[in-house]
Structure formats: structure tokens, C-alpha cells
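> Predicted structure and sequence below. I'll ask about it afterward.
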There are 2 protein chains.
Amino acid sequence: MPRLITLAGAQTGPIQRADSRARTLERLIALLESAARQGAQLVVFPELALTTFFPRWFIPEAAELDAWFEREMPNPGCQRLFDRARELGVGFYLGYAELTPEGRRFNSAITVGPDGRILAKYRKVHLPGSVEPRPGSRFQQLEKRYFEYGDLGFPAFRGPAEWGGPVMGMLICNDRRWPEAWRCYGLQGVELMVMGYNSAAYDPNGGETESADLRRFHSTLAVQANAYMNATWAVSVAKAGNEDGSGLIGGSVIVSPDGLVVAEARTLEDEVILAECDLDACRQGKEKMFNFAAHRRPEHYRRIVEQVGAVPPG
Amino acid sequence: MPRLITLAGAQTGPIQRADSRARTLERLIALLESAARQGAQLVVFPELALTTFFPRWFIPEAAELDAWFEREMPNPGCQRLFDRARELGVGFYLGYAELTPEGRRFNSAITVGPDGRILAKYRKVHLPGSVEPRPGSRFQQLEKRYFEYGDLGFPAFRGPAEWGGPVMGMLICNDRRWPEAWRCYGLQGVELMVMGYNSAAYDPNGGETESADLRRFHSTLAVQANAYMNATWAVSVAKAGNEDGSGLIGGSVIVSPDGLVVAEARTLEDEVILAECDLDACRQGKEKMFNFAAHRRPEHYRRIVEQVGAVPPG
């Protein structure tokens, strides 16, 4: 008997700095309702889904910075999303900026069950960008300034019985390019990876770099290969389009344990992608090609934990 | 100034059990000469390039088994290939079955420089298959029976100045699907990965499994993503076609540090693929997205070395 779950990605178009929270919530709820009408049981929203991608600005004042953060979850600024999801019996993954009672800041995500309870929290480990602003640049990437490195590791958790009880894992944005992160979940038998992202389509300061097409290719390639190499389903969901003058690649996908794209966003706007997925499709990979117990040789992998940067041979 | 090297993959069609070594050497030398005429400086041959893929048979007699192995490298059974390569000033990667003076057996590969000297040896770490033959099956996969696990780890080495002095790494077949192996080389700053393989196109015993197309997709996907995630060139070369009644996928590729396929085999026969590659194209990835020193968080990766098989959450 297959273990079926209908998964959705709720790609959002840009969320401008000037947009009200109420307007943003309306859009997220509209996406949730659209996904639910199509039978979705779990809806994946992007990284920092409640706000613009504010790390693109240097914000020297703590009070101004804190305005972008959520102090608890849920809270009055997003309660309606939680309420509507519970009414519909739909779970969701939501990325947001987290400010703890102790004043610590993380780039975080939660997965909420169909009963409205938070199943698990994740804090982004692979923060890109820099601590210090680049002088003279209109746009920054200051995640290393505004967030601490995630301190929860890569803890897998079980989804509810209504979803087939999948072993689940969360990532955020740049994490999806790091095979170490996927493998830590793979080593917990993960069957369903969920992640949101905000990835630049070009250098917003006008430098010459990769094309948006190449960046979308990289985003999808990393998800396809890591899903395959860990024999897991994956839902990877973008904030897309021109956000406050800075382009985001879009390219949300749902990927099978064979690494095949089974659903893919076609726009840079609010858009639902959807697929009915058999969790037991992970078994072939986990029992044969990627039977870790039979084939891994950790005695040769020590370099992965014993050094950080690259050290070329003499 | 770009650091250019012209790389070739020398895909071979099947090498049948009945083929003489002299005939096989002629084919390898013809491929080498064709690649050299096109300007190749380094030619990558497949895994077990001197013989049929003999682990598909149960061979109970040690003397019969030993006939498939090389006792030293080079040896009279392949000296002509070494001589011709040195004459042409072309280096090569060659996979072969290694029998040591102590009687140990490995699935090995060497890289030979343009001066005919062996630059480095690699012994396959990720052996697929089984120790015990499957009763009643016409075809076996007995690599775990015939070979010891590679005991050299993943040692990067420097290619010669004529090649631009690249940091190089070798893998063999199934190794290419394991991100741990690539990352161990990535952590040594690898710029050029070379590997050969024999991958089944279908279950030769008639079971229902993945199609040959899906298997080729997996082979290429793993190389593309791991090349991208480690910002390295990669040459991945097949033995192809119907070998002694068992199909091999082919699909040899040369892949850029962006994960793009820049050359790809079109046949299941002897075929040279070729690309002129700028080693400095690795720099963008190594200095930005995959600047390991800036972005890796090994304190969260310990599971990769502390457990072998998957352990699901409670």
C-alpha cells in the first residue's frame, strides 16, 4: 500500500518593504487556500516569507532591525495564517526571522502540523554573506551580521500519521547547496526534505556574474542530486521576482527520490506547485544504491569534520 | 592568463571475456592516438579498462580469478599503452584490478603523467555488490568478494606544470555517487576529478528496475552536482554497451565547475570526448559560494563520521 502525501510549494512573488504585514498574510493565505483546494496536505512557503529579504540593507539601528523579527511563533502578526491552516487541516513550513527572549537572532523555519501545532524548528546553519557591509554598495548580503549560525544542527523529526509518518528534515536557502546538511538528514532516514529560499538572480550592484538561468540551474541541480543521493522527496520553494530593486531567481521545485523534477514553478509570482508523492518511493534507493550501512566508509571521511577550509596538497 | 588543459574521455565499448589482451590494448591505443590528434593532454579510460567486468561472475578458483589482475603497473600486458602515451606526451587515467605482492586485491586506478611516470594511485573505497553470490542468478555483482575496500583514502595530488599544475583527485565508478568522497577532495582544493565506471544499464537477471535512461541520468546528475558543489572540473568515463550479455549505460561526460556538461558521449562504443578546460574557472566557486573556510560548519557534521547506517528518529 503506497504511503501517499500531497505536497505543495507556495512560491511567493516579491514582498516589498512597503507592503503591509496584513497584505502579505492575505497573499500567503490565498496560496494556502489554493493549495488546499488542490488537495495539498503540506504547503511549503519560502525563507523569510513574512517580510522582504531585509539582509540586503545595512540597518545600523537595533530597533529598526528588530522590526523585521518575530518574537514568538505564532504571534498576532501571523496568527490568521495559523488559524486558516488549522481550519483547512493543512500543515505548512514557514521561514521567518527569529528573535529569542534572550535577544538572539536566527534565520529560522518551522513545520506546523495539520492540527496547528509546531512539529519542529530549524535554524539556518549555512549563512552566506558578510558581517561587515561592503562600502559603497547599494545592496548588501548581511546574513552573517544579523543572524547567529543555527545551533540546532540537522534534527530530523516525524510528520504525523495523516501524512504517512514521514521522517522529515528542514533546510533554509543556502543550506541546500551543502551536501553535508543533506547527508546528516539522510543518516536519519529522511523521506521528505522541505526548504525555502531567497536567491539573487544577478548582482544587484551591477557586477558581472552568472546569469539568472545558470543560478536557477544550480539551485535545481543541488536539490535534484542531494535528493537522489539521500533517496528522499524534496520541496524547495522560492521568493521570486523583483523585490525592492533586487532580482530573485524563483524556480521552485518538487523533486523525487530519483532526483527527477515532478513539479516546477513557471512564473516569478505567487504560484502553487503540487505533486502527490509516494513516500515508499524512497525505499528503492535506501535499500540498494544508498544502503548506507552496507556501503559507507566513514573511516575515510574524517577530513569533513576535521578541517573547515580547503588545504591543497604540498 | 587562463590555465588551459585539453581533457579527453576515452569511452570504450564492451571488452568481451573472449577478447585477447592484445586486441584490447590496440583499442585503447587507438583511442589514445585519436585523442592526442585532437590535442588531448590527459586521456581518461574506464574502470577495469583492460578486461571485461569480471565481478559479474562467481569465480571460485583463485588461480582463475588472479588471471584478471595486474601484478604490477606497468607490466608486459599493457606496456605498449604506456610507451605510446609517453611518445605522444599524453598522460592517462587507467582503471585496473590490482593484485599486490602480499596477495591483496583492489579495484584500482592510476594517473600517469606525460613523461610516463605514475603520478598517483587510487583504490576504490565504495565497493558495491555482495560478498556471497546470489544463488541461481546468472549474473553476480561480487566486488565486495573480489576486492578489499580501498585503504588509501582520497589523496589529492598535483598534476604536472604542462597541465597547469592542477590539484587532482581520482574516483572509481560507484564512488562518484558519494558526496563524502568528492568533499574530501574538495577540502584539498581539487580542480580536476577523473574517474571511470562500469554501470549496469538494466538488471541482467531480468528483474524490473530503473530504465537505462534513468541510470544514465543518475550517473550524470551525481557528477554535475558534485563538480558544482566542489567547484571542480570532472571527467567521468564509461565502459559501454553489451558486454558478455550484460548491458552498460555509457554516458561519458566532461563537466565544468558550474556543473554544466561540456562534452558527452553519443554512442555505446569506443568514442573520444574532448574539451579544452580553463582550470581557473574553478576560482569563482571556490572563492564565493563554496568558500569553505567562510561558510562550512563542521561542528554540525559529526553524524557523517560517527555513524555508518541510517538511524531514524524515535
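Everything's here; your move.

> C-alpha from now on. contacts and neighbour counts both.
Fine.

> Show me which residues of the stretch 151-300 of chain A sit near chain B.
Proximity of the stretch 151-300 of chain A to chain B, by C-alpha under 8 Å from any C-alpha of the partner chain, involves residues A:153-154, A:156-158, A:167, A:177-181, A:183-184, A:186-190, A:218, A:221-222, A:224-225, A:228-229, A:258-259, A:289, A:291-300.

> change it to 6 Å
A:Gly153, A:Leu187, A:Gln188, A:Gly189, A:Leu221, A:Ala222, A:Ala225, A:Phe292, A:Ala293, A:Pro298, A:His300 (C-alpha under 6 Å from any C-alpha of the partner chain).

> ok, and the most crowded of the residues you listed?
A:Ala225 (28 neighbours; other C-alpha atoms under 10 Å in any protein chain shown).

> If you count contacts, what does the helix or strand hosting that one end up packed against?
Per DSSP states H and E, A:Ala225 falls inside helix A:212-229. Helices and strands touching helix A:212-229, by 3 or more C-alpha pairs under 6 Å, 6 or more residues apart in numbering or on different chains; DSSP states H and E, are helix B:212-230.

> Would you mind listing the outside residues contacting the helix it packs on?
Outside helix B:212-230, the residues that touch it by C-alpha atoms under 6 Å, 6 or more residues apart in numbering or on different chains are A:Leu221, A:Ala222, A:Ala225, B:Arg177, B:Gly186, B:Ala201, B:Pro257, B:Asp258, B:Gly259.

> Phi, psi for the nearest residue to A:Ala40 once chain neighbours are set aside please.
Spatially, and ignoring its direct neighbours in sequence, A:Ala40 is nearest to A:Thr6 (4.9 Å; C-alpha to C-alpha, 6 or more residues apart in numbering or on different chains). When quoted as degrees, to the nearest 10, the phi and psi of A:Thr6 stand at phi -100, psi 120.

> Tell me, how many residues neighbour A:Thr6?
That count, for A:Thr6 with other C-alpha under 10 Å as the rule, works out to 18.

> List of residues touching stretch A:76-89?
Identification of contacts with stretch A:76-89 by C-alpha under 6 Å, 6+ apart yields A:Ile29, A:Pro114, A:Asp115, A:Gly116.

> Which one (most neighbours) among the residues you listed?
Counting neighbours by other C-alpha under 10 Å, the top entry in those is A:Pro114, with 23 neighbours.

> pull the CA atoms of the least confident helix or strand in chain A by mean pLDDT into PDB?
Across the helices and strands of chain A, mean confidence by mean pLDDT, DSSP states H and E is lowest for helix A:62-66: a mean of 94. Provided in PDB are the C-alpha atoms of helix A:62-66 (Å, rounded to 0.1, in the frame of the first residue of the first chain):
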ATOM      1  CA  ALA A  62      18.800  47.700  16.600                       C
ATOM      2  CA  ALA A  63      15.300  48.900  17.000                       C
ATOM      3  CA  GLU A  64      14.800  49.200  13.200                       C
ATOM      4  CA  LEU A  65      16.400  45.800  12.700                       C
ATOM      5  CA  ASP A  66      14.200  44.200  15.300                       C
END
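
> so how far is chain B from A:Tyr149?
In this view, A:Tyr149 and chain B are 9 Å apart by C-alpha to the nearest C-alpha, to the nearest Å.

> Any stretches of the stretch 51-200 of chain A with poor pLDDT?
Scanning the stretch 51-200 of chain A for pLDDT under 70 picks out nothing.

> before we move on, back to that, after the least confident helix or strand of chain A, which helix or strand is next?
helix A:79-88.

> Which parts of that next one count as buried, going by neighbours?
By 16 or more other C-alpha atoms under 10 Å in any protein chain shown, the buried positions in helix A:79-88 come out as A:Arg80, A:Leu81, A:Phe82, A:Ala85, A:Arg86, A:Leu88.

> Check stretch A:260-275 too.
Using 16+ other C-alpha under 10 Å as the test for burial, stretch A:260-275 gives A:260-261, A:263-265, A:267-275.

> quick revisit: what's the residue nearest to A:Ala40 in contact with, if anything?
A:Ala40, A:Gln41, A:Ala275, A:Glu276, A:Cys277.

> how about 10 Å then?
Shown in contact with A:Thr6 (C-alpha atoms under 10 Å, 6 or more residues apart in numbering or on different chains): A:35-36, A:38-43, A:163, A:274-278.

> so the closest residue to chain B within the stretch 1-150 of chain A, which of the three states?
The stretch 1-150 of chain A approaches chain B most closely through A:His126 (6.1 Å), counting by C-alpha to the nearest C-alpha. Put simply, A:His126 is coil when judged by DSSP: H, G, I helix; E, B strand; the rest coil.

> Show me where chain A has its strands.
Assigned by DSSP state E, the strands in chain A fall at A:4-11, A:42-44, A:91-99, A:105-112, A:118-123, A:157-158, A:167-172, A:192-197, A:233-238, A:240-243, A:246-249, A:253-255, A:261-264, A:271-278.

> Buried deepest among the ones you listed, which one?
Mean neighbour count (mean count of other C-alpha atoms under 10 Å in any protein chain shown) peaks for strand A:233-238 among these, with a mean of 30.

> Using PDB, list the CA coordinates for that one.
In PDB, the C-alpha atoms belonging to strand A:233-238 read as follows (Å, rounded to 0.1, in the frame of the first residue of the first chain):
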ATOM      1  CA  TRP A 233      11.500  13.700  -1.600                       C
ATOM      2  CA  ALA A 234      12.300  17.400  -1.600                       C
ATOM      3  CA  VAL A 235      10.200  20.500  -1.800                       C
ATOM      4  CA  SER A 236      12.300  23.700  -2.500                       C
ATOM      5  CA  VAL A 237      10.400  26.900  -2.600                       C
ATOM      6  CA  ALA A 238      11.500  30.400  -3.700                       C
END
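
> Parallel or antiparallel, which strands does that strand pair with?
When pairing is defined by DSSP bridges, strand A:233-238 lines up against strand A:192-197 (parallel), strand A:253-255 (antiparallel).

> for A:Asp19, what are its contacts?
A:Thr51, A:Thr52.

> do A:Lys124 as well
By C-alpha under 10 Å, 6+ apart, the contact set of A:Lys124 is A:47, A:95, A:106-109, A:147-154, A:170-175.

> 8 Å instead?
Taking C-alpha atoms under 8 Å, 6 or more residues apart in numbering or on different chains, we find A:Lys124 in contact with A:Phe106, A:Asn107, A:Ser108, A:Tyr149, A:Gly150, A:Leu171, A:Ile172, A:Asp175.

> separation between the second one and A:Cys277?
It stands for A:Asn107. 28 Å (C-alpha to C-alpha, to the nearest Å).

> How about the third one?
Distance, A:Ser108 to A:Cys277, using C-alpha to C-alpha: 26 Å.

> Kindly report the same for the first one.
Taking C-alpha to C-alpha as the criterion, A:Phe106 is separated from A:Cys277 by 31 Å.

> quick revisit: with adjacent residues omitted, what lies nearest to the residue of the stretch 1-150 of chain A closest to chain B?
A:Asp175 (5.2 Å).

> What is the burial count for that neighbour?
When neighbours are defined as other C-alpha under 10 Å, A:Asp175 has 22 of them.

> residues contacting it?
A:Lys124, A:Val125, A:His126, A:Leu127, A:Ala181.

> pretty sure the third one is touching A:Asn174, no?
The reference is to A:His126. Yes. Contact criterion C-alpha atoms under 8 Å: A:His126 and A:Asn174 qualify, at 6.1 Å.
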